[in-house]
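Participant: the sequence and its predicted three-dimensional model are supplied below.
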Protein chains: 2
Amino acid sequence: MWFYRFNLILFVKNIPIIEKKNMKKSSSVFNIDSSFLYKNCIPEWVPAVLANKKNFKVKKGELIFKEGDPVTGIYFVNSGNVKVHKRWDDEKELIVRFAKDGAILGHRGLGANAVYPVSATALQAGIVEYIDMEFFEATLKVNDGLTYQLLQLFAEELRESERKMRNLAHMPVKGRVAEALIILKNQFGLTDRGFINIELSRQDLASFAGATYETVFRVINELVHEKLLTLSGKSISIANPDKLLKLTQNIA
Amino acid sequence: MWFYRFNLILFVKNIPIIEKKNMKKSSSVFNIDSSFLYKNCIPEWVPAVLANKKNFKVKKGELIFKEGDPVTGIYFVNSGNVKVHKRWDDEKELIVRFAKDGAILGHRGLGANAVYPVSATALQAGIVEYIDMEFFEATLKVNDGLTYQLLQLFAEELRESERKMRNLAHMPVKGRVAEALIILKNQFGLTDRGFINIELSRQDLASFAGATYETVFRVINELVHEKLLTLSGKSISIANPDKLLKLTQNIA
DNA sequence: AAAAAATACTTAAATATTCAATCTTTTGCA
DNA sequence: TGCAAAAGATTGAATATTTAAGTATTTTTT
C-alpha cells in the first residue's frame, strides 16, 4: 500500500500542465479551508494539488464547461456563484443545482463516461480552480478520506436529485417555486434587508423550479398577493416562511 | 495503513447479527459473480462478507425497506426484480429505478442521513441479501476498488437521475413513455416472442414514466395506433424502435 | 448617449394532464 | 370454487400549464 502510494506521487509529477483555451489564468490567492478538495486531503498531498491545479478567471455568464464536452478534469469554485444546468431542445433549460465557494464541479463526469452530462456557467465574475482528471483520480487513490467524502456527497446529491424528480412529477408548480426559494435562501442566505442573497433572473428561477417563465411569473404574483413573499426589483424576500414551507409539503 | 485495516477486521468480527423482522431468512445459494459486492471485493474479504450477510426471501409486492425508515444496512438483489420508489401525498408514486440480480439497494442511505430516501418493493418473489451498515462501511474502508466502483455507480446514477429530471421538466409524456419502454427493454431484455421481459402493471409503468395512469394509457393507445408498439395482454412489444427512439430526442 | 440586445411582463388561445365516475377484469381468501 | 374486494381499463369534463405573440423595461454595447 505504501509502495503504491509512493508510485502514484512519482507518476503524478509527470502529468503535463494543459493550457485551457478561452479562460484566463488567474494568480489570485484563494481560501484553502473552504474548498471541498483541500478540506478532505491529507496534508502531505496538498503540495501536489497546489502544483497541479490551475486557477481561471471567469466572467459573468461565461461557460465553464458544456454538456457534451469531453471530460478533461474537475473544477472547484473559488469565488462567484455557478449554475449547473442541462438543456432540452436547445431552448428549454433545467438548472440542476447552484454551486458556490468551495464546491466541486464536474464530478458527474467521473468514470467511463467521455462527456459532461451537464453544463456549468458562472452567474457572476469569479475564479474557478481546475484539476486534470488523471491527477484527480490519483488524488482519490491516495486520499481515502476524500474518496469517502465524495461518496457521501454523491449520495446526498442523489437523494436531492431524486427528491426533485419526484417533485417535478407530482408537486404543483407553486410548491416547486416555494421549494426553489427555500433552497436558495438556505444556500445563499439573506442580505441585510432580508432578501435572498443571490442575483438570479426570473428565467433562471423558472429553470431551477422546472417550469416556464410565465407560470413562475404568475405563481410569484400569487405568492406576493397572498403575502408569502415581498419583492424589491428582482430581489425576493420570504415574508411568511411557514406558509411557504407548507406549500412544499404534501398535505393537499 | 496495514495496522488500520487489521483493526477493522477485528472490530468487524464483533458486530452482532441482527434479526430482521417480517422477513424470512433464506438458505438458498446465490451467484457470487453477479453481485456488485462480490465482484468488487478483494478475495481476502469475501469470507467476512459471507459471515456477515444474511439472505431473506421476499414475496411479490413485499416491502424491503420504506422511505423514512432508519437506515440500518445495505441490500443486494439476489433474485427477482425490485422497484425503487418514492411517494408524494400518499397517493402519487414515482418509480426511480428498477433493480435486478446483483444490484445494490439502499446505498442512497449512506452518510450522515438517518433514513432511507426511497422505498424498495419486490416485484416478484425473490431473495435479497442484507448487510449491516457498520460492516458495509468497514468493507468500503478495506476495499478501495469497491469504493471506487461505488463512486462510479453513484456518478452514473446521478447522471441518469438528472437526465430524468430534465425529461420530467421538459419532455412531453409521449417521449417519457417511449424512453421508459426503451430503458425497460435494455434492462430486462425481450421474451422469445419479442415482448419486454418484465411483468409490470400499467400503474407501475405510469409511475416510472412520471405521469398518471390515464395519460399513459392514452399515450400507449396512440403508440399502438401509430404502429410503434404491439400489445398482448399486459405485455408490450416495440414494433418500431427507431421511431420510438426519435420520440425521446429533442427534435421538436 | 443612442442603439441594440436581452430580459421582463402581460394576455389569450391551445394543449396536455389530471380528476371523477363508470365499467371490466383480476386477485385473494373463505 | 365462488364471491367479494381490489385493481385495472376506459371515457368525458375540468383544470393546469405551456405556447404564442406582443409590449415594456432594463441592461449592455457601440
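Facilitator: Yep, it's here. Please read all numbers here as calculations on a predicted model, not as lab measurements.

Participant: does whichever helix or strand A:Lys174 is part of reach DNA strand D?
Facilitator: Using DSSP states H and E, the element containing A:Lys174 is helix A:173-188. Yes - Helix A:173-188 is in contact with DNA strand D by Cβ under 7 Å from any atom of the strand, via A:173-174. Bear in mind the C-beta positions are built from the backbone N, C-alpha and C, glycine included.

Participant: pull the CA atoms of that helix into PDB?
Facilitator: Provided in PDB are the C-alpha atoms of helix A:173-188 (Å, rounded to 0.1, in the frame of the first residue of the first chain):
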ATOM      1  CA  VAL A 173     -45.600  24.500  -9.800                       C
ATOM      2  CA  LYS A 174     -46.500  26.600  -6.800                       C
ATOM      3  CA  GLY A 175     -44.900  24.100  -4.500                       C
ATOM      4  CA  ARG A 176     -41.800  23.800  -6.700                       C
ATOM      5  CA  VAL A 177     -41.300  27.600  -6.800                       C
ATOM      6  CA  ALA A 178     -41.700  27.700  -3.000                       C
ATOM      7  CA  GLU A 179     -39.100  24.900  -2.600                       C
ATOM      8  CA  ALA A 180     -36.800  26.600  -5.000                       C
ATOM      9  CA  LEU A 181     -36.900  29.800  -3.000                       C
ATOM     10  CA  ILE A 182     -36.400  28.000   0.300                       C
ATOM     11  CA  ILE A 183     -33.400  26.100  -1.200                       C
ATOM     12  CA  LEU A 184     -31.900  29.400  -2.500                       C
ATOM     13  CA  LYS A 185     -32.400  31.000   0.900                       C
ATOM     14  CA  ASN A 186     -30.700  28.200   2.700                       C
ATOM     15  CA  GLN A 187     -27.800  28.000   0.300                       C
ATOM     16  CA  PHE A 188     -27.100  31.700  -0.200                       C
END
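
Participant: now whichever helix or strand comes after that helix - C-alpha only, PDB.
Facilitator: Using DSSP H and E, the helix or strand that follows helix A:173-188 in sequence is helix A:202-209. Taking C-alpha atoms only, helix A:202-209 is exported to PDB below (Å, rounded to 0.1, in the frame of the first residue of the first chain):
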ATOM      1  CA  ARG A 202     -36.600  35.200 -13.400                       C
ATOM      2  CA  GLN A 203     -35.800  32.900 -16.300                       C
ATOM      3  CA  ASP A 204     -33.100  31.200 -14.200                       C
ATOM      4  CA  LEU A 205     -35.500  30.900 -11.300                       C
ATOM      5  CA  ALA A 206     -38.000  29.300 -13.600                       C
ATOM      6  CA  SER A 207     -35.400  26.900 -15.000                       C
ATOM      7  CA  PHE A 208     -34.500  26.000 -11.400                       C
ATOM      8  CA  ALA A 209     -38.100  25.300 -10.500                       C
END
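
Participant: tell me the buried residues in whatever helix or strand comes next after helix A:202-209?
Facilitator: Per DSSP H and E, the first helix or strand lying C-terminal to helix A:202-209 is helix A:213-225. For helix A:213-225, a neighbour-count test (16 or more other Cβ atoms under 10 Å in any protein chain shown) marks A:216-217, A:219-220, A:223 as buried.

Participant: ditto for stretch A:42-57
Facilitator: Here stretch A:42-57 shows A:45, A:48-49, A:52-57 as buried, counting by 16+ other Cβ under 10 Å.

Participant: beta partners for A:Lys92?
Facilitator: A:Trp88 (DSSP bridges).

Participant: hmm, it is touching B:His170, no?
Facilitator: Yes - using Cβ atoms under 8 Å, A:Lys92 makes contact with B:His170 at a distance of 4.3 Å.

Participant: tell me which of the two has more neighbours.
Facilitator: B:His170 (22 against 16; other Cβ atoms under 10 Å in any protein chain shown).

Participant: surely the more buried one meets A:Leu94?
Facilitator: Yes - B:His170 is in contact with A:Leu94 according to Cβ under 8 Å; the separation is 6.5 Å.

Participant: what's the overlap in contacts for the two?
Facilitator: Common neighbours of B:His170 and A:Leu94 (criterion: Cβ atoms under 8 Å, 6 or more residues apart in numbering or on different chains): A:Trp88.

Participant: count residues in the vicinity of A:Gly145, would you?
Facilitator: 11.

Participant: tell me the SS of it?
Facilitator: Following DSSP: H, G, I helix; E, B strand; the rest coil, we place A:Gly145 in the helix state.

Participant: now it, nearest residue through space, not along the chain?
Facilitator: Leaving out its chain neighbours, the residue that sits closest to A:Gly145 by Cβ to Cβ, 6 or more residues apart in numbering or on different chains is A:Asn40, at 5.4 Å.

Participant: what residues are up against the one you found?
Facilitator: Per Cβ under 8 Å, 6+ apart, neighbours of A:Asn40: A:143, A:145-146, A:149-150.

Participant: residue of the stretch 151-252 of chain A closest to DNA strand D, please.
Facilitator: Of all residues in the stretch 151-252 of chain A, A:Thr215 sits closest to DNA strand D, at 3.3 Å by Cβ to the nearest atom of the strand.

Participant: A:Lys174 is in contact with that residue, correct?
Facilitator: No - using Cβ under 8 Å, A:Thr215 makes no contact with A:Lys174, being 9.3 Å away.

Participant: closest one to chain B out of the buried residues of helix A:213-225, please.
Facilitator: Nearest to chain B, judged by Cβ to the nearest Cβ, of the buried residues of helix A:213-225 is A:Val216 at 12.2 Å.

Participant: for the closest one, which non-adjacent residue is closest in space?
Facilitator: Among residues not flanking A:Val216 along the chain, A:Ala206 sits closest, at 4.0 Å (Cβ to Cβ, 6+ apart).

Participant: need the contact list for the closest residue to DNA strand C within chain A.
Facilitator: DNA strand C sits closest to A:Ser201 of chain A, with a gap of 3.4 Å, by Cβ to the nearest atom of the strand. Residues near A:Ser201 by Cβ under 8 Å, 6+ apart: A:Lys234.

Participant: what about 10 Å?
Facilitator: Neighbour list for A:Ser201: A:123, A:207, A:213, A:234 [criterion: Cβ atoms under 10 Å, 6 or more residues apart in numbering or on different chains].

Participant: interface residues of chain A facing DNA strand D?
Facilitator: Near DNA strand D, when you scan chain A using Cβ under 7 Å from any atom of the strand, you find A:60, A:92, A:172-174, A:211-212, A:214-215, A:218.

Participant: with distance to A:Ile196 and pLDDT added, can I get those in a markdown table?
Facilitator: Below are these laid out as a markdown table (distance: Cβ to Cβ, whole Å; pLDDT from 0 to 100):
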| residue | distance to A:Ile196 | pLDDT |
| --- | --- | --- |
| A:Lys60 | 19 | 88 |
| A:Lys92 | 24 | 86 |
| A:Pro172 | 21 | 88 |
| A:Val173 | 19 | 90 |
| A:Lys174 | 17 | 91 |
| A:Ala211 | 18 | 92 |
| A:Thr212 | 21 | 91 |
| A:Glu214 | 21 | 91 |
| A:Thr215 | 20 | 91 |
| A:Arg218 | 19 | 90 |
